[in-house]
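>>> A predicted structure for the sequence below; I have some questions about it.
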Amino acid sequence: MLSSIEPKKLIEHCIASAVAKFGALRKVLTDHCVKLKTRGRYMDAPIRSKIMYNTATWDLNAGVIDKLEVEWVRFLRKTVRGGNAPDPGLTKAEKEAGICDYAFVYSKNDIYRYLREL
């Protein structure tokens, strides 16, 4: 049944399903009394599986992979304290020059490394 749906709608469906699952588990995944390593592992099974559901049968290109990775990192940022915080070191001159509109305190690689080291 899902194979008859066009790929763009299927990707949107998988992402929406993962967002709904994250919302259902938000209380545990954003509870800073629970160890970050435990939250990362707990999030890995139900949420990553929702994002990656049926991707083995898709014709994956760089755009699709990037879109799925952006969503996954968005979930990871929500679980790390200060993960969505803007970088205070970003100067007004950089913003006006168009070098960078918005930057996070933690880069994507920092988030991955932080979750792996725990």
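Ah, there it is. Numbers count the residues shown, from 1 in each chain.

>>> can we go C-alpha only for contacts and neighbour counts from here?
Will do.

>>> Give me the next element, helix or strand, following the lowest-mean-pLDDT helix or strand in the chain.
The helix or strand of the chain with the lowest confidence, counting by mean pLDDT, DSSP states H and E, is helix 92-97 at a mean of 68. Beyond helix 92-97 on the C-terminal side, the first helix or strand identified by DSSP states H and E is helix 108-117.

>>> Give me the residues contacting the helix or strand encompassing A16.
Per DSSP H and E, A16 falls inside helix 7-29. For helix 7-29, the surrounding residues in contact (C-alpha atoms under 8 Å, 6 or more residues apart in numbering) are 2, 34, 39-40, 42-43, 46-48, 50-53, 58, 64, 68, 71, 75, 79.

>>> Most remote residue from the middle of this protein, which is it?
A93 (29.3 Å; C-alpha atoms, centre = their mean).

>>> So what's the residue count around R81?
Per other C-alpha atoms under 10 Å, the neighbour tally for R81 reads 12.

>>> does it sit in a helix, a strand or a coil?
Following DSSP: H, G, I helix; E, B strand; the rest coil, R81 is assigned to coil.

>>> who's in contact with it?
H32.

>>> Distance of it relative to Y106?
10 Å (C-alpha to C-alpha, to the nearest Å).

>>> Leaving out sequence neighbours, find the closest residue to V73.
For V73, ignoring the flanking residues on the chain, the nearest one in space by C-alpha to C-alpha, 6 or more residues apart in numbering is K108 at 6.9 Å.
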